[in-house]
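Trainee: here are the coordinates; sequence isn't available:
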């Protein structure tokens, strides 16, 4: 949150409207807005916290870019009797590979992944967008896991603080430092902007999956932001909480690629975080003390309603979200 202030103050093409934040809060505050009931897909490993950590953290490494950049078709797969789309489809593909006996959660296996293996693991309606880039990510992550943590993420988690940020030993800080795929930074007018979308999302999934068993905790959950991606910014536009300049809006509506680390992309993501935080704050002003929420609950409310919408979102070719 601290790092995005400079973007919000200097934005030229994205604006957040406080009056609209308050207007939406006045009705959204009366929705249930529960902690998502995140059950691991497909019914395996729920009683094994080590398996859960490995499955979530390994799969999230490739949890990016599910819309084909040419056809705009979304990645989807049939598994376990139904169709899964976007991120859910990725998790389904990994579970399918595990069903078939592939040791996808092991660092040594990941470090040697080949393109034919990737094509087989993620076989779906379309080729997984950015397949080659994701293969390289998984190889690099696998090499670190094999070298330092016995090949498994469940050996990494206990080596960190139980806080997201803790003088360099926090969960987010360690993920970003040791696994470069999580080091989600951009430069804006000479300032370093920290988004950490996938690092936070992975830890949020772990928290939802393991909090009831006491096997994983986050002591500073209030510091978790929205997960700045494609979908939540689109939802914010639909709610008129944010608006874009005419050139940027035209680029989104006509499916033009917006460059990674461009001012447009950084402003879209920063205002997603900023607007989500304001919305959570305004909702908490209205709700009673025993119904207070954290920002990821707002993120989930928006993502779950709009992740399959036909409404166009910005398109940026990036491994970060």
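Mentor: Nice, I can see it. The model shown is predicted, which means the values in this text are computed figures rather than measured ones.

Trainee: How many residues are close by the nearest residue to residue 286 once chain neighbours are set aside?
Mentor: In space, and not counting its chain neighbours, residue 286 is closest to residue 29: 3.9 Å by C-beta to C-beta, 6 or more residues apart in numbering. From N, CA and C alone the C-beta is placed, and that goes for glycine too. The tally of other residues near residue 29 (other C-beta atoms under 10 Å) stands at 17.

Trainee: and residue 29, what is it in contact with?
Mentor: 282, 283, 286, 287 (C-beta atoms under 8 Å, 6 or more residues apart in numbering).

Trainee: Just among those, which is most surrounded?
Mentor: For the contacts of residue 29, the largest neighbour count, defined by other C-beta under 10 Å, is 26 neighbours, found at residue 283.

Trainee: picking that back up, if I look at the residue nearest to residue 286, how far off is residue 224?
Mentor: When distance is defined by C-beta to C-beta, to the nearest Å, residue 29 is 20 Å away from residue 224.

Trainee: try residue 61
Mentor: Applying C-beta to C-beta to residue 61 and residue 224 gives a distance of 19 Å.

Trainee: which ones are touching residue 176?
Mentor: Contacts for residue 176 were tallied using C-beta under 8 Å, 6+ apart; they are 182, 183, 184, 196, 199.

Trainee: Just the buried ones out of these, please.
Mentor: 182, 184, 196, 199 (16 or more other C-beta atoms under 10 Å).

Trainee: my read: the third one touches residue 179, true?
Mentor: Right, residue 196. No: the criterion here is C-beta atoms under 8 Å, and residue 196 misses it with residue 179 at 11.7 Å.

Trainee: in the chain, what secondary structure element scores lowest on mean pLDDT?
Mentor: Sorting the helices and strands of the chain by mean pLDDT, DSSP states H and E puts strand 82-85 at the bottom, at a mean of 92.

Trainee: Just the buried residues of that one, please?
Mentor: For strand 82-85, the neighbour count (16+ other C-beta under 10 Å) marks 84, 85 as buried.

Trainee: Stretch 5-15 too?
Mentor: 6, 7, 8, 11, 13, 14.

Trainee: one step back: give me the helices and strands touching the least confident helix or strand of the chain, please.
Mentor: On a contact count with 3 or more C-beta pairs under 8 Å, 6 or more residues apart in numbering; DSSP states H and E, strand 82-85 meets strand 76-79.

Trainee: isn't there a helix covering residue 26?
Mentor: Yes: assessed with DSSP: H, G, I helix; E, B strand; the rest coil, residue 26 lies in a helix.

Trainee: how deep is it tucked in, by neighbour count?
Mentor: 12.

Trainee: And it, how close does it get to residue 243?
Mentor: Applying C-beta to C-beta, the value for residue 26 to residue 243 is 20 Å.

Trainee: Which ones among the buried ones among the contacts of residue 176 lie within helices?
Mentor: Taking DSSP state H, the ones among the buried ones among the contacts of residue 176 that sit in helices are residue 199.

Trainee: which among the buried ones among the contacts of residue 176 gets closest to residue 73?
Mentor: Comparing the buried ones among the contacts of residue 176 against residue 73 with C-beta to C-beta places residue 184 closest, at 25.7 Å.
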